[in-house]
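Enquirer: the sequence and its predicted three-dimensional model are supplied below.
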Amino acid sequence: MEGGGAQPASSGSEVTTSGKVDAGGGGANSMEERFADSCKGKLGLDESMTRQAMQLFKESKSILLSSMSSFGSGSPEEIERFWSAFVLYCVSRLGKAGRGKEDGGITLCQILRAFRLNIVDFFKEMPQFCIKVGCVLAGLYGSDWEKRLELKELQANVVHLSLLSRYYKRAYQELFLLNDAKPAENSAEPNPQASEYYRFGWLLFLVLRIQTFSRFKDLVTSTNGLVSVLAILIVQIPVRLRNFNIKESSSFAKKSDKGVNLIASLCEKYHTSEDELSKALEKTNTLIMDILKKKPCPAASECQQDSLSFIDPEGLTYFKNLLEEDSLKSSLLILEKEYENAINTKGELDERMFTNDEDSLLGSGSLSGGAINLPGTKRKYDVMASPAKSITSPSPMSPPRFCASPNGNGYYNSKMAPITPVSTAMTTAKWLRSTISPLPSKPSGELLRFFSACDKDVTDDITRRAGIILGAIFTGSSFGERICTSVRSTNRIDAIWTEQRKMEALKLYYRVLESMCRAESQILSGNNLTSLLSNERFHRCMIACSAELVLATHKTVTMMFPAVLEKTGITAFDLSKVIESFVRHEDTLPRELKRHLNSLEERLLESMAWEKGSSMYNSLIVARSALSAEINRLGLLAEPMPSLDAIAAHHNISLGGLPPLPFQKQEHSPDKDEVRSPKRACTERRNVLVDNNNSFRSPVKDILKSKLLPPLQSAFASPTRPNPAAGGELCAETGIGVFLSKIAKLAAIRIKGLCERLQLSQQVLERVYSLVQQIISQQTALFFNRHIDQIILCSIYGVAKISQLALTFKEIIFGYRKQSQCKPQVFRSVYVHWPPRSRNGKTGEEHVDIITFYNEVFIPTVKPLLVELGSGASPNKKNEEKCAADGPYPESPRLARFPNLPDMSPKKVSAAHNVYVSPLRSSKMDILLSPSSKSYYACVGESTHAFQSPSKDLKVINNRLNSGKKVSGRLNFDVVSDLVVARSLGDQNGTSTATADIATKTPVKREQPDS
């Protein structure tokens, strides 16, 4: 194939690699001068901080000059501002000087304002800076610089505070007026004092977070604190400013003889725990007494206040004159000073800005894509589109948005609260609290019978392992430090919180393990599950999955995925083996947690399982011996798992006097001098594989040989062990086959989404999918240490070239940027390890842009496959002939036409009208369309009137849409039930031909290439 490369001179400008500044000219020096002026003039840094910042700027300058056009819009001026901000943030976090103002430090807000950047853009571009300058940062600040930088934690904290501020604003406007006479929406100029109540509540919450919680606290605990602030505002704010009638409001339905039970009513409304809310309220009251020096009434019942009328005072505290005009102003000043002192100590963001929608630092866009998954956010492909095929019961559709109330108060005054990310998190936490927490913290009787039915009773081993692994995950050090260390009681509070989360994870682990054992025993027709229950890696994956769900439920900031992998000693590939089974064996798992696991599975498949040190390579080297040279050249093999003793010693966990487990001796080397690098020779590593996994072989292997080996047992068996259920192929071949089939399905989903956005025809889509499938089966090494989207982007461009489409790389990247999974580093930073005799003369490891990767690596490798596609012959037929001649790949996915993908996302069916059609989930369809009720529904292809053709039905619908009549009022989609959705049945794949036809006739929308 000629002309398949992306030419830097012409089409290469599509993802620009030019635009560099002359390093030898005056441009570089002037940049240094401008940076030095900013440090001293704009930010007023002292000599020490300025010197450190200039050192990092100078050492990274060459990288900056070669990275022009890699940040933001690509203009040199903007890139310089980004780079300067990144350098100063790293110095403020990692430098030797303190981070407080008194030590010459600066806050992130000061940095952003000085260089005219906003938070969203900063966090979107910062990871790219870390990739490029990582080696420089390691040299200056040590190998742990990334952990100390706490970039992901701070980003998650920003996302949480943004959500909480909107949650607080919504709740406040629902409960209170911002004007004495009218609701907030109809008020032109709110009463200044009334709006100061709003500011007081947010400031009180921020100080509460700083003084009482850890520096990075989870979303659920923070929400409990916010609801406690709302409770205080209800009691303290004058009745005339209420937006509700306490006696009649359905939001305060919990009542007793003494009046409304405020705490219980708020718990029902905001899905919090009464116990947790009471504790949070107690902390808030203590803070008011300690910081604002306010004294509570001896008994709230004795205070004759209008705000307490018809409210049961039990458990409430009333402070006289807390929000009176004079007292309010002084309280605000005290809280402001308290908060400023705290953020100046640690150099954090000024979180007061989140209540000001006009603040230029907030920016626009979302920070939740990819790394941080928020509950309640819409996903393009739901659980049905998961690469795990056996998750057959799809989750309900995304929660509807709330609608404005016609009475002008902002929201409907009903029990159906608006569904937001925060409310969804609270609902999920309620499941953990009501379903998992009441369970015993020890294995049930049935589970103990499974343990004792093994060749050797494994009860002690399993309970000991669970204690050590969960102890390593849920340690005090895992959840960050405090800004104010003077509050001694917070250590005890954090210890209680950590122990509660640990118990929840333990109970969930035992619950799902029992369900799995029950299912496996039915397959085996016996209770002896020695092969599975004695497998160390399986149990660690199960514990990690349970802990991850608990952490995801509470939305912790410091223990975000993949932290559990490091704590448990497993890899992403290991965890991917249990996600599907975990979901299948826990029926009560909430929709959001299923989505979370689905999101994790996508992350594992798209890149994490392909990273260096993944245990996938230890199986792949057995299943595909031809790849062993490349795997060893790149040093990709995983280290053996650390032993339980090593984990316990590292985290100072008491072993309880139990003897070491029999398989620990193979998990680590007793000789400290033994080399454990992944770069060991292939033959030596294979010996380690066999030795390490002999302990995983079932002692009753001969008995089970004649039976089908359950998928879970074969997934965690030794890679070199034959799998009786698969015609004698090795377990590694079976496992890699399952893994690659999931990769192919995920690729199909991504290809379909991007091709539809680019308006490519069905033929091009199928060609791209066919090419990616051939790369998976024949050129698997292209995925090593890379992201699946990098291969897809290059495949689309390659197919476009051979199909003679006028599609540029710039247009492909422009479309990819709009995909939900997009991360800029995917196309800006592609891993390359140049071979000793590369044609460009380079050697060693490097990260390059997508065009360089395409021209230098992708095209030389994939050119024969593209030639096959371009020749007009059937690639499937040729591949089958090749496989027949060279020997089959039993672990490879068979090349096929583009698969039928169930899609739960609404389709816009009219260009001129906002009309969407969503396919009904198959499970709902089966229930609603039972044999006795099918005749009651009109399906696509059936007429809605007797003896009338479907085309006339469509004509009636189109005439109705084109009649020009405007529908009065807004449609309220909040109250659309599944029964209503059932009336809009449609074939999930019935529109593919029409869509392809439209796409073929529609010209590809393109921007003009850069000159």
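Expert: Alright, I've got the coordinates. Numbering: from 1, shown residues only.

Enquirer: tally of neighbours for the residue nearest to residue 63 when sequence neighbours are not counted?
Expert: Nearest non-adjacent residue to residue 63, counting by CB to CB, 6 or more residues apart in numbering: residue 132, 5.1 Å away. No exception for glycine: its C-beta is placed from N, CA and C like everyone else's. Number of residues near residue 132 (other CB atoms under 10 Å) recorded here: 22.

Enquirer: any idea how far residue 89 is from residue 132?
Expert: 15 Å (CB to CB, to the nearest Å).

Enquirer: do a quick rundown of the helices in the stretch 301-450 of the chain.
Expert: With DSSP state H, counting those that start in this stretch, the ranges of helices along the stretch 301-450 of the chain come out as 325-346, 421-431, 445-452.

Enquirer: most tightly surrounded among those helices?
Expert: Mean neighbour counts were taken over the helices of the stretch 301-450 of the chain using mean count of other CB atoms under 10 Å, and the top value, a mean of 23, falls to helix 421-431.

Enquirer: sorry, back to before: the residue nearest to residue 63 contacts residue 847, correct?
Expert: Yes. With contact defined as CB atoms under 8 Å, residue 132 reaches residue 847; the gap is 7.3 Å.

Enquirer: now for those two: what residues contact both?
Expert: Common contacts of residue 132 and residue 847 (CB atoms under 8 Å, 6 or more residues apart in numbering): residue 829.

Enquirer: what helices or strands is the host helix or strand of residue 800 leaning on?
Expert: Secondary structure assignment for residue 800, by DSSP states H and E: helix 788-802. Here helix 788-802 touches helix 591-606, helix 731-757, helix 762-778, helix 809-817, helix 824-828, helix 850-853, helix 859-870, going by 3 or more CB pairs under 8 Å, 6 or more residues apart in numbering; DSSP states H and E.

Enquirer: which positions in the second one come out as buried?
Expert: Residues of helix 731-757 classed as buried under the neighbour-count rule (16 or more other CB atoms under 10 Å) are 731-755, 757.

Enquirer: any idea of the mean pLDDT in it?
Expert: With pLDDT averaged residue by residue, helix 731-757 scores 93.

Enquirer: with the fifth one instead?
Expert: The pLDDT scores in helix 824-828 average 89.

Enquirer: which residues are contacting it?
Expert: Outside helix 824-828, the residues touching it (CB under 8 Å, 6+ apart) are 15, 70, 124-125, 127-128, 131, 787, 789-790, 793, 813, 816-817, 849-850.

Enquirer: now do 6 Å
Expert: 70, 127-128, 787, 789-790, 813, 849-850 (CB atoms under 6 Å, 6 or more residues apart in numbering).

Enquirer: remind me which residues of the stretch 701-850 of the chain are low pLDDT?
Expert: Scanning the stretch 701-850 of the chain for pLDDT under 70 picks out the ranges 701-711, 724-727.

Enquirer: 50 instead?
Expert: Within the stretch 701-850 of the chain, the stretches with pLDDT under 50 are 701-709.

Enquirer: repeat for the stretch 551-700 of the chain
Expert: Per-residue confidence for the stretch 551-700 of the chain (pLDDT under 50) gives these ranges: 657-700.

Enquirer: the longest helix seen in the chain: what's the following helix or strand?
Expert: Longest helix in the chain, counting residues (DSSP state H): helix 489-524. Where DSSP H and E defines the elements, the next helix or strand beyond helix 489-524 is helix 530-533.

Enquirer: now that next one: mean pLDDT?
Expert: 91.

Enquirer: what does stretch 168-180 give?
Expert: Mean pLDDT, stretch 168-180: 85.

Enquirer: where do the helices of the stretch 551-700 of the chain begin and end?
Expert: Under DSSP H, counting those that start in this stretch, the stretch 551-700 of the chain gives helices at 563-568, 572-584, 591-606, 616-623, 628-634, 644-650, 682-694.

Enquirer: skipping adjacent residues, who's closest to residue 226 in space?
Expert: With CB to CB, 6+ apart, the residue lying closest to residue 226 is residue 205, at 5.4 Å.

Enquirer: quick one: that neighbour from residue 354, how far?
Expert: If you go by CB to CB, the gap between residue 205 and residue 354 works out to 11 Å.

Enquirer: swap in residue 321?
Expert: 28 Å.
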